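# Sharing a model that was predicted from the sequence below.
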Amino acid sequence: MAYQFDFLAVFDYGDMLLKGAAFTLAMTAVGAVVGTAIGIAGGMCRAWKLHPLDWLFGAYVELIRNTPFLVQLLFIFFGLPSLGVQISEWQASFLAVVVNLGAYTTEIIRAGIQATPRGQIEAAQSLAMGRLQIFFHVVLRPALQKVWPALSSQIVIVMLGSAVCSQIAAEDLTFAANFIQSRNFRAFETYLVVTAMYFAMAWMVRYALNVFGRRVIVARKPQTRGA
Amino acid sequence: MLTQFSIWALLDSLAEGAKWTVALSLIAFVCGGIAGLVVLFARVSGKRALTVLSKAYIEVFQGTPLLMQLFIIFFGLSMLGVDVSAWLAAAVGLTLFTSAYLAEIWRGCVEAVPKGQWEASASLALNYREQMRHVVLPQALRIAIAPTVGFLVQVVKSTAVASIIGFTELTKTGSMLANATFQPFLIFGLVAIAYFLLCYPLSLYARHLETKYHAAR
């Protein structure tokens, strides 16, 4: 007897799926914003060799990049409470995503900052630009422009990797899938639908980041000042 | 039954788990490499159907979570009447996942070979296969070594996800020990160190290769 597919059994739980997707997207958004902020701070310290911060960020980067996200998540969720830090499922998931993404963005943005020739900073100084102006217009923005594609794909990778957050019962999209298939006994259909949702979300996030990159990071109106 | 675990007993169990992590990584890397080559050749074949197909393959595996891929293989195959063990599902899933990423990395390497090389070899009356075999691939291989070793780190880390479908490797062993000993901080700390010891040398080696081949060019 051929297997009868029943996708309607999945869509009965549509609102659960949407809630799970919203959780995953929220986690990604927070991870992207805070992670990039960490990356800018870390990338600066690393690129300009600010001791001892560069050493600290270096250790952080190597530690995170050479261990699995799942282990980081389990360590945060199960390990931290034994140090007296109580942490809920969603807090642990958000924290793990931020910590993980921060390490990758540090390395990505460091490369971007280092790609700015020293002469450009000197040129900016000779134009009497202030320290903050130099930082924003000569260092940070060109750096972000250069690494924006790498940054975007890392954010997508982290979003897809965050599927394992369901393991500590954080109510993300995968958690919803696990719950639904335990109710309707349609594991294959459920996971197929949820995989398609992840695929669509990955595409959406990539598209949004592309647009954001084009509009905000790369494009700029010619800045004319009153002479 | 609660027994006191000595630190040596813990390390012993974790080492046993690490063995399976290494085994799964090697299988995924070797089989994924072979499958990745097939996808690569389809991707750079210049034939429309093959290009579209291989592109779709890569996009699907890079655009969905590895965990979902494992679930689908695990539940999908058993639905077809094939009795899949966690071991088989993990090996198949990681192989497919690895092949998509390696194909994409290697495609970049093939395309990094300057166009002039293709043109020069074409002007020497080499056909497509001869161009690939004698001109393009040897140069692409050189470029590919560093990122491939670097990706091996990703493969090792990805095997942790296999613990979720019940494959007893390092992470799963750690979870079980943490439940048995009530010392999650220590256990997951040790698990993290174990992964670090596996991955860090590979990362360093990849970086070394990168500077070496970069400097030579």
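Received it, and whenever you're ready, just let me know what you need. Since the model is a prediction, treat every value here as computed from it, not as a measurement.
# And B:Lys19, how close does it get to B:Val155?
According to C-beta to C-beta, to the nearest Å, B:Lys19 and B:Val155 sit 16 Å apart. (C-beta placed from N, C-alpha, C; glycine too.)
# Around chain A, pick out the residues from chain B.
B:60, B:63-69, B:71-72, B:75-76, B:79-80, B:153, B:157-161, B:163-164, B:171, B:174-175, B:178, B:183-185, B:188-189, B:191-192, B:195-196, B:199-200, B:203 (C-beta under 8 Å from any C-beta of the partner chain).
# re earlier: in terms of packing, which of B:Lys19 and B:Val155 has more residues around it?
Neighbours per residue (other C-beta atoms under 10 Å in any protein chain shown) separate B:Lys19 from B:Val155, with B:Val155 holding more: 23 against 13.
# Export the host helix or strand of the more buried one to PDB, keeping only CA atoms.
For B:Val155, the element it lies in under DSSP states H and E is helix B:137-158. As requested, the backbone C-alpha atoms of helix B:137-158 are provided in PDB (Å, rounded to 0.1, in the frame of the first residue of the first chain):
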ATOM      1  CA  LEU B 137      41.900  21.100 -12.000                       C
ATOM      2  CA  PRO B 138      45.600  21.000 -11.000                       C
ATOM      3  CA  GLN B 139      45.500  24.800 -10.400                       C
ATOM      4  CA  ALA B 140      42.100  24.600  -8.700                       C
ATOM      5  CA  LEU B 141      43.300  21.900  -6.400                       C
ATOM      6  CA  ARG B 142      46.000  24.100  -5.100                       C
ATOM      7  CA  ILE B 143      43.600  26.800  -4.300                       C
ATOM      8  CA  ALA B 144      41.100  24.400  -2.800                       C
ATOM      9  CA  ILE B 145      43.300  22.700  -0.200                       C
ATOM     10  CA  ALA B 146      43.100  25.400   2.500                       C
ATOM     11  CA  PRO B 147      39.400  26.100   2.400                       C
ATOM     12  CA  THR B 148      38.700  22.300   2.300                       C
ATOM     13  CA  VAL B 149      40.700  21.700   5.400                       C
ATOM     14  CA  GLY B 150      38.900  24.600   6.900                       C
ATOM     15  CA  PHE B 151      35.600  23.100   6.100                       C
ATOM     16  CA  LEU B 152      36.600  19.900   7.800                       C
ATOM     17  CA  VAL B 153      36.200  21.900  11.100                       C
ATOM     18  CA  GLN B 154      32.600  22.600  10.100                       C
ATOM     19  CA  VAL B 155      32.000  18.900   9.400                       C
ATOM     20  CA  VAL B 156      33.300  17.900  12.900                       C
ATOM     21  CA  LYS B 157      31.100  20.500  14.500                       C
ATOM     22  CA  SER B 158      28.100  19.500  12.400                       C
END
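# Okay, and which of the residues of chain B next to chain A map to helices?
B:60, B:63, B:66-69, B:71-72, B:75-76, B:79, B:153, B:157-158, B:171, B:174-175, B:178, B:184-185, B:188-189, B:191-192, B:195-196, B:199-200, B:203 (DSSP state H).
# Below-threshold pLDDT in the chain: ranges please.
All of this refers to chain A. Low-confidence segments of chain A (pLDDT under 70): A:1-2, A:219-227.
# that answer is for a different chain, and I need it for chain B
B:1-4, B:215-217.
# can you list the residues of chain A near chain B?
A:3, A:62-63, A:65-72, A:74-75, A:78-83, A:156, A:160-164, A:166-167, A:174, A:177, A:181, A:187-188, A:191-192, A:194-195, A:198-199, A:202-203.
# Now list the buried members of those.
Listed as buried from the residues of chain A next to chain B are A:62-63, A:65-72, A:74-75, A:78-80, A:156, A:160-164, A:166-167, A:174, A:177, A:181, A:187-188, A:191-192, A:194-195, A:198-199, A:202; burial here means 16 or more other C-beta atoms under 10 Å in any protein chain shown.
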